[in-house]
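**Student:** Sharing a model prediction with you, sequence too.
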Amino acid sequence: MPLALLALPVAFFGVFFAYPVAAIVARGLRTDAGRWHFGRLADVLAATDTAQVLWFTVWQAAASTALTLALGLPAAYVFARLDFPGRQLLRAVVTVPFVLPTVVVGSAFLALLGRGGLLEEWAGLRLDTSVWAILLAHVFINYSVVVRTVGGLWAQLDPRQEEAARVLGASRLGAWRRVTLPALAPSVGAAALIVFLFTFTSFGVIQVLGGPRYATLEVEIYRQTAALLDLPTAAVLTLVQFAAVGTLLALHARTVSRRRAALSMVDAASVARRPRGRAQWTLLCGVLTVTALLVLVPLAVLTARSFDGPDGWGLANYRALGEVSGSATFTVPPLDAVGNSLAYAAIATLIALAAGGLAAAALTVRTSGGAAGALVRGFDSLLMLPLGTSAVTVGFGFLIALDEPPLDLRSSWMIVPVAQALVGVPFVIRTMLPVLRAVDVRLREAAAVLGASPLRAWREVDLPLVRRALLVAAGFAFAVSLGEFGATVFIARPDAPTLPVAVARFLGRAGEVNYGQAMAMSTLLMLVCAATLLVLERLRPHSQGEF
């Protein structure tokens, strides 16, 4: 049964992920005569430039992860244990940066820290093309990962265990260190690995804010592929990134498994309390201040810049989006990118729900072990690979691999939603799995005893219980598909650009008009993502701690 459910997800990932990635790697490591040329592997790995790129990739990911944990863990406690007005709304707003395209995040911090930005106006400083801008942007994106992953578990830990330790003589810090921290450790480790994974493969933020001085593996793969057409070097760097990401995902899977086995939790709704005492009020005010500066200020500056046109404040930048400029690279009005993005994201969501829903169902079916059980458990980790594999490699692989019938999709509009669905599937699976595993198997067994077929049992038993989680999964798949950039930048047609691609093209051209239109399109995309997240927060099951 699990293997039958996995047939469609395996076929989808095999054709649209494994095949394109393998094709571009093979194209880079094979000679014109068809022989494998592994000497290039040693040459690239031994090069000084490769060592510098790899060192900066690992260093900035580690620094970003440490800074995100330092700022995110206090916020995780506040959202988990303290009840205050606007808590749910702020929780949704905090998540907006995570689903924004990285190119939009770069735009926001460019408006805040770059030339003519808020920081330059107030303090005469510019931080764009500096490592600090990169680190702050990464914290901005991943802040909600720590808040939701750690805070979701923290909210379900029984506070009476820590209270019992204090009754036995432990100090407040000692009780937290001996009772709460060990319980949170797997969740903190999982959040750290997720943040490290996303920052390790950072592309859009580095492109916009890093300038020519800084490059991650992802940026270097893009440069070698698109600018220099050096596929052998790009293939080697892809293999290096793939090996690193595979190791991280294996550690992540082990951490999640340990967390599930070790903890018993209580209802999260019964834990949150109004702040009591000076310490809790001080912590709440501090977290709200950090959240405002880190999350709300960049979004507000981005919005304000979108109204700053050539002739002063107004809607000039937005009106210009409906026109086709003679010097523009678009063959249609840029505003058409809004409709294109919404249509592509809707189709990608349907694909992600079909593939991800079947995969999640397969992963919840109990197996007797053996080869079938090992295959199902292994596929659970493989399903996360699209989040950590170079989107540039996937996009360019589409152009190379999907070029012959019946898979000649290079000129088809379907190639964009398929690429976007690859990113949406892991979110569908991670959202559906906890709820599906919580369904009592005895309900399905009772339906079967009463004569219901497996399909009818699923429709009558599982679907009513997981409907809300299904809607949440669809919302996340829609949001991340809407913001996909790394692969789409290769495959989107000039007459049908998406919003992230349009923003990147505007930022790549000089002039205040182009900059203003980039800010306007970024604001539109931000508003769509924010509206999606607000709906999700109302639909999210209260017992579901993570994304």
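**Tutor:** Structure's in. What do you need?
**Student:** What degree of burial does the residue nearest to A26 when sequence neighbours are not counted show, as a neighbour count?
**Tutor:** Among residues not flanking A26 along the chain, A235 sits closest, at 7.9 Å (Cβ to Cβ, 6 or more residues apart in numbering). For the C-beta atoms, the positions are set from N, CA and C on the backbone; glycine is no exception. Burial of A235 is recorded as 26 neighbouring residues (other Cβ atoms under 10 Å).
**Student:** For stretch 398-410, which outside residues touch it?
**Tutor:** The contact list for stretch 398-410 (Cβ atoms under 8 Å, 6 or more residues apart in numbering) reads 15-16, 19-20, 23-24, 27, 415, 418-419, 487, 490-491.
**Student:** closest to F140 among those residues?
**Tutor:** Closest to F140 out of these is A487 (22.6 Å), distances taken as Cβ to Cβ.
**Student:** and the gap between the closest one and L251?
**Tutor:** 25 Å (Cβ to Cβ, to the nearest Å).
**Student:** chain center to stretch 221-229: distance?
**Tutor:** The chain centre lies 24 Å from the centre of stretch 221-229; the measure is Cα atoms, centre = their mean, to the nearest Å.
**Student:** ah, wrong one, I meant stretch 6-21
**Tutor:** 20 Å.
**Student:** End to end on it, go ahead and measure it.
**Tutor:** From its first residue to its last, stretch 6-21 covers 21 Å (Cα to Cα, to the nearest Å).
**Student:** circling back: select only the buried ones of the contacts of stretch 398-410 in PyMOL?
**Tutor:** Here is the PyMOL command that picks out the buried ones among the contacts of stretch 398-410, judged by 16 or more other Cβ atoms under 10 Å:
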select buried, resi 16+19+20+23+24+27+415+418+419+487+490+491
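**Student:** Could you work out the most separated pair of the contacts of stretch 398-410?
**Tutor:** R27 and V418 (20.2 Å).
**Student:** What pLDDT does the model give A419?
**Tutor:** Confidence at A419, expressed as pLDDT, is 89.
**Student:** Please identify the helix or strand for it.
**Tutor:** helix 415-438 (DSSP states H and E).
**Student:** Now do the buried residues in that helix.
**Tutor:** 415-436.
**Student:** Next secondary structure after that helix?
**Tutor:** With DSSP H and E setting the assignment, the helix or strand that follows helix 415-438 is helix 441-449.
**Student:** nearest spatial neighbour of R273, skipping sequence neighbours?
**Tutor:** Per Cβ to Cβ, 6+ apart, closest to R273 is D83, 6.0 Å.
**Student:** meant to ask about G211
**Tutor:** In space, G211 is closest to T129, 3.5 Å off (Cβ to Cβ, 6+ apart).
**Student:** pretty sure that neighbour is touching V208, no?
**Tutor:** No - shown here, T129 and V208 do not form a contact pair, counting by Cβ atoms under 8 Å, at 9.8 Å.
**Student:** Now do the buried residues in stretch 177-192.
**Tutor:** Result for stretch 177-192 [16+ other Cβ under 10 Å]: buried residues 179-180, 183-184, 186-192.
**Student:** Among these, which one lies nearest to R276?
**Tutor:** Among the buried residues of stretch 177-192, and counting by Cβ to Cβ, the member closest to R276 is T180, at 17.6 Å.
**Student:** Check which helices and strands the strand or helix carrying R278 is in contact with.
**Tutor:** According to DSSP H and E, R278 maps onto helix 277-291. Under the contact definition 3 or more Cβ pairs under 8 Å, 6 or more residues apart in numbering; DSSP states H and E, helix 277-291 sits against helix 48-81, helix 87-99.
**Student:** Tell me where the model's unsure across the stretch 201-350 of the chain.
**Tutor:** 252-271, 325-331 (pLDDT under 70).
**Student:** what about the helices in it?
**Tutor:** Listed in chain order, the helices of the stretch 201-350 of the chain (DSSP state H, counting those that start in this stretch) span 204-205, 217-222, 231-262, 277-291, 297-306, 316-320, 336-364.
**Student:** Out of the ones you listed, the one nearest L6 is which?
**Tutor:** Judging the helices of the stretch 201-350 of the chain by Cβ to Cβ, what sits closest to L6 is helix 336-364, at 4.6 Å.
**Student:** the bottom helix or strand of the chain by mean pLDDT?
**Tutor:** helix 370-382 (a mean of 61; mean pLDDT, DSSP states H and E).
**Student:** rewinding a little: what is the burial count for the residue nearest to R273?
**Tutor:** D83, neighbours per other Cβ under 10 Å, totals 13.
**Student:** same thing with L409?
**Tutor:** 19.
**Student:** before we move on, what about A343?
**Tutor:** 15.
**Student:** So it versus P417, what's the distance?
**Tutor:** A343 is 8 Å from P417, where distance means Cβ to Cβ.
**Student:** Same question for R468.
**Tutor:** Counting by Cβ to Cβ, the gap from R468 to P417 is 25 Å.
**Student:** So R410, which state does it fall into?
**Tutor:** Classification of R410 using DSSP: H, G, I helix; E, B strand; the rest coil returns coil.
**Student:** cool, and the one 3 residues further on?
**Tutor:** What three-state DSSP gives for W413 is coil.
**Student:** List the backbone torsions phi and psi for it.
**Tutor:** phi -70, psi -20 (degrees, to the nearest 10).
**Student:** one step back: report the angle between the axes of the helix holding A419 and helix 87-99?
**Tutor:** 140 degrees (axes from the mean of the first three to the mean of the last three Cα atoms, to 10 degrees).
**Student:** Restricting to C-alpha, output helix 415-438 in CSV.
**Tutor:** Extracted in CSV, the C-alpha atoms of helix 415-438 (Å, rounded to 0.1, in the frame of the first residue of the first chain):
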residue,chain,number,x,y,z
ILE,A,415,7.4,24.3,-17.1
VAL,A,416,7.1,27.2,-14.6
PRO,A,417,4.4,25.7,-12.3
VAL,A,418,6.1,22.4,-12.4
ALA,A,419,9.4,24.0,-11.2
GLN,A,420,7.4,25.9,-8.5
ALA,A,421,5.6,22.8,-7.3
LEU,A,422,9.0,21.1,-6.6
VAL,A,423,9.5,23.7,-3.8
GLY,A,424,5.9,23.4,-2.6
VAL,A,425,5.8,19.6,-2.2
PRO,A,426,8.0,19.5,1.0
PHE,A,427,5.8,22.1,2.7
VAL,A,428,2.7,20.1,1.9
ILE,A,429,4.3,17.0,3.3
ARG,A,430,5.5,18.7,6.5
THR,A,431,2.1,20.3,7.1
MET,A,432,0.1,17.2,6.5
LEU,A,433,2.2,14.6,8.3
PRO,A,434,1.6,15.6,11.9
VAL,A,435,-2.2,15.7,11.4
LEU,A,436,-2.4,12.4,9.4
ARG,A,437,-0.3,10.7,12.1
ALA,A,438,-2.7,11.9,14.7
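**Student:** Quick one: distance of that helix to the chain centre.
**Tutor:** Centroid separation for helix 415-438 versus its chain: 11 Å, with Cα atoms, centre = their mean.
**Student:** What is it packed up against?
**Tutor:** Looks like helix 415-438 contacts helix 7-13, helix 336-364, helix 385-388, helix 391-401, helix 463-483, helix 488-491 (3+ Cβ pairs under 8 Å, 6+ apart).
**Student:** Tell me the buried residues in the second one?
**Tutor:** Neighbour-count burial for helix 336-364, counted by 16+ other Cβ under 10 Å, picks out 336-338, 340-341, 344-345, 347-349, 351-364.
**Student:** cool, and the fifth one?
**Tutor:** Judged by neighbour count using 16+ other Cβ under 10 Å, the buried positions of helix 463-483 are 465-466, 468-483.
**Student:** Where does pLDDT dip in the stretch 351-500 of the chain?
**Tutor:** Scanning the stretch 351-500 of the chain with the threshold set as pLDDT under 70 gives 365-381, 388, 434, 438-440.
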